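> requesting a structural model of the entry that follows:
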Amino acid sequence: MFYYNDAAIGQLAIHRVGNKLRDEFYVLSEAPIALQDEVLASLLMHYFLSPFTKVNEVYRLAHASGTVELNEIYHFSKSFFEGGLDFQALGEQLCKHLFEASNHPNIKGGELYVTHLRNVQLEGEEHDAIGIFKSESKEPFLTVSPVQHAFELGYEQEAININKLDKGCIIVNTEGEEGYKVLAIDQTNRQQEAAYWKDGFLGIKTRNDSFNKTGNFLKVYKAFVDEGLDGSFELERTDKIDLLNRSMDYFKEKDTFKTKEFEEEVLGNPQAVALFNDYRQQFESDYESPFGEQFDIAKGAVKKANAVYKSVLKLDKNFHIYVHGKREYIEKGFDEEKGMNYYKVYFREEH
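Down below sits the predicted model:
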């Protein structure tokens, strides 16, 4: 989890980045901003950092070659953290690099904020960090001011809503040899051109630790049960729910995931095991995120996945049946007289 209660902005610089393909340019500030107004500093902290409190995924800076030193953001960040690059030069280099990455005609120009953050907390540890934020969207705001026993109404045509950060990134100064811990968001759009922020500019990939391995494995397994089994098995919805419940029980009860153990206790069927292994290997190849034969189970990731593991039978618009286990206690049939399907549920007590 990310916290910024004790954090502070050490330095702040604002530049402007245009769209290269539309013959727009970048504008560099000559010096960082002297941020002395405490209220303004508090508003900026909220604008920059509050969106990251809801972010669970942690990334790494990376490069397609496998050599992280070739990632420009990594190079600039490492030089700054180690004292080889001053803050003004850091902001200028980041602005120029973002300009070069803005190579799609639909990318909006906007202000680029570069900050040196102190005492941000990620996963229980405090570190300094580099914050990179971009504002693209402007909104009109009304202003009301008292004037001689009355009020004067005005407006700001292109103001920034501090509750709507468009794009942001926090590079935390820890685990530098592995590409640092990085948080990133893009809230303006999710079309293809938006990939330039995370891919073209930052060059990040998901950190493949126990949290992500746990969450990704549960996602892959759920997709396999929902879609991957249909071509080889004729499963009723209750059977699929049972498979999902068994996998969730496994992850809740165990501290370590073991491939063979999971195959025996959850899947059971050799044909299903073979199909799932093919499904799993495709994910590992596509996302370059191998699970390995075993990994520690992150309970936080299990809790997060549990919210989307549906164990509900939705019957027309009349009934919802929640199935938490004991697949053998529910039967499906067809009533020829009514011309309708039915479920028969066995139980001992009514609560």
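> okay, CA-based contacts and neighbour counts for the rest of this
OK.
> who's in contact with S145?
Going by C-alpha atoms under 8 Å, 6 or more residues apart in numbering, S145 touches 151-153.
> for it, which three-state class applies?
On the three-state scheme (DSSP: H, G, I helix; E, B strand; the rest coil), S145 is labelled strand.
> phi, psi of K108?
Per-residue torsions, K108: phi -90, psi 140 (degrees, to the nearest 10).
> no no, F257
Here is the backbone geometry of F257 (degrees, to the nearest 10): phi -80, psi 130.
> pull the contacting residues for it.
Residues near F257 by C-alpha under 8 Å, 6+ apart: 251, 294-297.
> may I see the PyMOL selection of the buried members of the residues you listed?
Only the buried members of these enter the following PyMOL selection, criterion being 16 or more other C-alpha atoms under 10 Å:
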select buried, resi 251+295+297
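> does F295 belong to a helix, a strand or coil?
In terms of secondary structure, F295 is strand; the call rests on three-state DSSP.
> who are the contact partners of it?
Applying C-alpha under 8 Å, 6+ apart, the residues near F295 are 210, 213, 256-258.
> can you check the pLDDT for the residue at minimal distance from the centre of the chain?
Residue closest to the average C-alpha location in the chain (C-alpha atoms, centre = their mean): E57, at 4.4 Å. On the pLDDT scale, E57 is placed at 81.
> correct me if wrong: it contacts K181.
No. With contacts defined as C-alpha atoms under 8 Å, E57 does not count as touching K181, sitting 10.1 Å away.
> run through this protein and note the low-pLDDT ranges.
189-194, 231, 233-235, 237, 310-334, 342-348, 350-351 (pLDDT under 70).
> paired strands for the longest strand anywhere in it, with orientation please.
Counting residues, the longest strand found in the chain (DSSP state E) is strand 110-122. Applying DSSP bridges to the sheet, strand 110-122 is found paired with strand 2-3 (antiparallel), strand 8-17 (antiparallel), strand 125-135 (antiparallel).
> let's see that strand as PDB, backbone CA atoms only.
Extracted C-alpha coordinates of strand 110-122, given in PDB (Å, rounded to 0.1, in the frame of the first residue of the first chain):
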ATOM      1  CA  GLY A 110      -0.100  19.600 -21.200                       C
ATOM      2  CA  GLU A 111       1.900  20.600 -18.200                       C
ATOM      3  CA  LEU A 112       4.600  18.300 -16.900                       C
ATOM      4  CA  TYR A 113       5.200  18.400 -13.100                       C
ATOM      5  CA  VAL A 114       8.500  16.900 -11.800                       C
ATOM      6  CA  THR A 115       8.900  16.600  -8.100                       C
ATOM      7  CA  HIS A 116      11.400  15.300  -5.600                       C
ATOM      8  CA  LEU A 117       9.300  13.700  -2.900                       C
ATOM      9  CA  ARG A 118      10.500  12.900   0.600                       C
ATOM     10  CA  ASN A 119       9.200  10.300   3.100                       C
ATOM     11  CA  VAL A 120       6.700   8.500   0.800                       C
ATOM     12  CA  GLN A 121       5.700   5.100   2.200                       C
ATOM     13  CA  LEU A 122       5.300   2.100   0.000                       C
END
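> relative to the whole chain's centre, how far out is that strand?
Centroid separation for strand 110-122 versus its chain: 18 Å, with C-alpha atoms, centre = their mean, to the nearest Å.
> which residues sit against that strand?
If you take C-alpha under 8 Å, 6+ apart as the criterion, strand 110-122 is touched by 1-18, 87, 91, 95, 126-137.
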